[in-house]
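Visitor: No letters, just coordinates:
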């Protein structure tokens with residue numbers, strides 16, 4: 001996917017200022033994969049074993065992890081789609097229905113997570129929950 005889709009698609013855009021953040025899953029950090037990403041992003045790569053190491057407990061920090069995937073998945077699968085077209089339609093609909101006010105709350109919550117993370121020197125964040 002990286003070789004056949006991702007990198008060719010990036011070549012259609014200006015990626016000189018773009019950073020790439022990859023989670024720390026070991027299946028995503030094969031040497032060949034990291035080498036391809038380093039060739040494309042240089043020092044703007046956040047991943048395990050990369051120029052910028054994946055931050056500890058980062059699922060507590062990344063809105064995509066702590067909010068968006070769970071929220072979207074709960075709505076996308078609510079009607080148990082039976083075909084790929086139905087699944088794709090659900091994904092498009094759910095993403096399109098996300099309102100700016102919800103994203104503002106996500107950013108507010110994300111900011112509080114960063115403050116907590118900094119003041120707690122990287123401790124777990126059990127007290128912080130996403131608030132709608």
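Guide: Arrived safely. Because the structure is a prediction, the values reported are computed rather than measured.

Visitor: When you work out contacts or count neighbours from here on, use the C-alpha atoms and nothing else.
Guide: Fine.

Visitor: For residue 101, give me its contacts.
Guide: Counting by Cα atoms under 8 Å, 6 or more residues apart in numbering, residue 101 touches no other residue.

Visitor: Can you list the low-confidence ranges for this structure?
Guide: The chain contains residues with pLDDT under 70 at 23-27, 54-61, 117, 120-132.

Visitor: ok, which stretches of it are helices?
Guide: 7-10, 31-41, 63, 69-76, 84-96, 100-119 (DSSP state H).

Visitor: can you tell which of these is closest to residue 16?
Guide: helix 31-41 (7.9 Å; Cα to Cα).

Visitor: tell me which residues in that closest one are buried?
Guide: Neighbour counts over helix 31-41 (16 or more other Cα atoms under 10 Å) mark 34, 37, 38, 40, 41 as buried.

Visitor: Let me know the closest of these to residue 89.
Guide: residue 37 (30.7 Å).

Visitor: so who does that closest one touch?
Guide: residue 45.

Visitor: Go ahead and measure how far stretch 96-114 is from the middle of the chain.
Guide: Offset of stretch 96-114 from its chain centre (Cα atoms, centre = their mean, to the nearest Å): 14 Å.

Visitor: circling back: please identify the most buried of the helices of the chain.
Guide: Of all those, helix 63 has the most neighbours on average by mean count of other Cα atoms under 10 Å, namely a mean of 18.

Visitor: Return the distance of that one from the chain's centre.
Guide: With Cα atoms, centre = their mean as the basis, the mean position of helix 63 lies at 7 Å from the chain mean.

Visitor: got a list of contacts for that helix?
Guide: Contacts of helix 63 (Cα under 8 Å, 6+ apart): 106, 107, 110.

Visitor: Tell me, how many residues neighbour residue 14?
Guide: 8 (other Cα atoms under 10 Å).

Visitor: Could you do the one 4 residues further on as well?
Guide: Residue 18 has 13 neighbours, counted by other Cα under 10 Å.

Visitor: From residue 42, how far out is it?
Guide: 10 Å (Cα to Cα, to the nearest Å).

Visitor: Over to residue 53?
Guide: 13 Å.

Visitor: And for residue 20?
Guide: Taking Cα to Cα, one finds residue 20 at 10 Å from residue 42.
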